[in-house]
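1. Return a 3D structure for these sequence lines:
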Amino acid sequence: MSLTFTEENYLKAIYTLQSRSETGDVSANEIAGRLDNRPATVTDMLRKLSEKQLIHYEKYKRVRLTETGKHTALSVVRKHRLWETFLSEKLSFDWDEVHDIAEQLEHIDSPKLIERLDEFLGFPQFDPHGDPIPDAQGKIPKSSAQLLSLAPPGRWIQIVGVKDTSRAFLRQLAKDELDIGASLMVKEKLPFDHSLIIKTRAGKTIQISEKMANNLMVT
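-> Purely as a prediction, here's the structure:
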């Protein structure tokens, strides 16, 4: 099935929102917020995707991907995360730069290219932000990661992912030397604002906010 870049972006957005939804479906307003579009524009696109049997959609009701829609969305997610990995590992782009470029590359329609890319990278399971990379069948690797805010004190842990991939957040992490793979220990959780006092392997002590701790994944 031939899809436009915009249709693929909608499917990816619905998949992302759906994966975070307790009910397994999402509203048109949530999609509009995710894509920064007007609700009327979103409604028009949802009709088109419904006609192509990519989503379950009824006016004024919540939206859910069909199996075909989910498979298509996972394919786009797979390409995006493989390209992010390639840009970071092979071309030395910083992790706050790769997202925007991968947004363009993810729409290349060449399964053979993506399989060669996956093989070239050594079949990675996680991208530079720690997000799981679906395989060619859409299977997603499992992770035992938890939020830093939930990590017990006094134990060495490792950063394996981020929930917030905004450039501002990633640059702050880089400034604090809290990249993927960095080891740290929670020394104290402050009762006033729930910020954390952490210690790095280099012996550096840092105070980070609750918001930052809720956007870092560790094992």
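
2. could I get the helix or strand of the chain with the lowest mean pLDDT in PDB with only the CA atoms?
-> The helix or strand with the lowest mean pLDDT-type score in the chain, counting by mean pLDDT, DSSP states H and E, is helix 167-175 (a mean of 89). The C-alpha trace of helix 167-175 is given here as PDB (Å, rounded to 0.1, in the frame of the first residue of the first chain):
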ATOM      1  CA  ARG A 167      17.100  18.800  22.100                       C
ATOM      2  CA  ALA A 168      17.100  20.900  25.300                       C
ATOM      3  CA  PHE A 169      16.800  17.800  27.500                       C
ATOM      4  CA  LEU A 170      19.500  15.800  25.700                       C
ATOM      5  CA  ARG A 171      21.900  18.800  25.800                       C
ATOM      6  CA  GLN A 172      21.400  19.100  29.500                       C
ATOM      7  CA  LEU A 173      22.200  15.500  30.000                       C
ATOM      8  CA  ALA A 174      25.300  15.900  27.800                       C
ATOM      9  CA  LYS A 175      26.400  18.900  29.900                       C
END
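
3. Show me the contact partners of it.
-> 94, 95, 96, 162, 179, 212, 215, 216 (C-beta atoms under 8 Å, 6 or more residues apart in numbering). In short, each C-beta sits where N, CA and C put it, glycine included.

4. Count residues in the vicinity of the first one, would you?
-> As a burial measure, residue 94 scores 14 neighbours (other C-beta atoms under 10 Å).

5. so what's it closest to, chain neighbours aside?
-> If the residues on either side of it in the chain are set aside, residue 94 comes closest to residue 174, at 7.2 Å by C-beta to C-beta, 6 or more residues apart in numbering.

6. Quick check: that neighbour vs residue 64, distance?
-> To residue 64, residue 174 is 37 Å away according to C-beta to C-beta, to the nearest Å.

7. Please enumerate the strands of this protein.
-> Here the chain has its strands, by DSSP state E, at 55-56, 64-65, 146-147, 156-162, 183-189, 196-200, 205-208, 216-218.

8. The ones you listed: which one's closest to residue 108?
-> Among these, the nearest to residue 108 by C-beta to C-beta is strand 64-65 (21.9 Å).

9. Point to the residue nearest the middle of the chain.
-> Central residue of the chain (C-alpha atoms, centre = their mean): residue 131, 5.3 Å from the mean position.

10. show me what contacts the closest residue to residue 30 other than its chain neighbours?
-> Spatially, and ignoring its direct neighbours in sequence, residue 30 is nearest to residue 17 (5.4 Å; C-beta to C-beta, 6+ apart). Counting by C-beta under 8 Å, 6+ apart, residue 17 touches 26, 30, 31, 34.

11. with the residues you listed in mind, which one is nearest to residue 155?
-> Among the contacts of residue 17, residue 34 lies closest to residue 155 (C-beta to C-beta), at 35.5 Å.
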